[in-house]
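Chemist: Using only what follows, build the 3D model:
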Amino acid sequence: MILFGMSNGILELHSIDDTYLTLALTPIVATVVFMMYTIFGCDSIATEVITSTFGCGHVLSWLVVPSIYTAETANEMGNIPFTCPDSYNYSLPILHTTCQIRAINLIFIWAYPTFLVFSVVCYLYCK
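Modeler: From the prediction side, this is the model:
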């Protein structure tokens, strides 16, 4: 987000960026909370939360938000190819770095929900 601000208006942030950032921080907070429940012997509470409406809503959020994020930001880099080649003529040097970060971000934004769905399926069916 900082690099987008340094692009002299060439790149713009979208409202979905804030939503994605919030959603991205949720697993970190949830992991700490679940660890605390486990440490203090409240495993049943952690399991109940995971299988509750909150847990299902979290999984659904991680499917919906990346879809919206990808659709809204698909053309934010303009004509710069997704692979961010060194040979491309970038109007600002920082755009090459920004392009690389965006490409990695899109890979990871889809990696987490993929692993999340696999984890939920394993949790539910591999007992």
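Chemist: all helices of the chain, in order?
Modeler: Using DSSP state H, the helices of the chain run over residues 2-5, 15-39, 43-51, 53-73, 93-125.
Chemist: Lowest mean pLDDT across those, which one is that?
Modeler: Set side by side, these differ in mean pLDDT, and helix 43-51 is lowest with a mean of 59.
Chemist: give me the number of residues near Trp110?
Modeler: 15 (other C-beta atoms under 10 Å). Glycine gets a C-beta too; all of them are placed from N, C-alpha and C.
Chemist: which residue sits closest to it, ignoring its sequence neighbours?
Modeler: Pro66 (5.9 Å; C-beta to C-beta, 6 or more residues apart in numbering).
Chemist: Just confirm the one you found contacts Pro113, I think it does.
Modeler: Yes. With contacts counted by C-beta atoms under 8 Å, Pro66 reaches Pro113, the gap being 5.9 Å.
Chemist: Look at these two and report which has more neighbours.
Modeler: Taking other C-beta under 10 Å, Pro66 and Pro113 do not tie; Pro66 has more neighbours (21 against 18).
Chemist: so who does that one touch?
Modeler: Pro66 is in contact with 20, 109-110, 113, counting by C-beta atoms under 8 Å, 6 or more residues apart in numbering.
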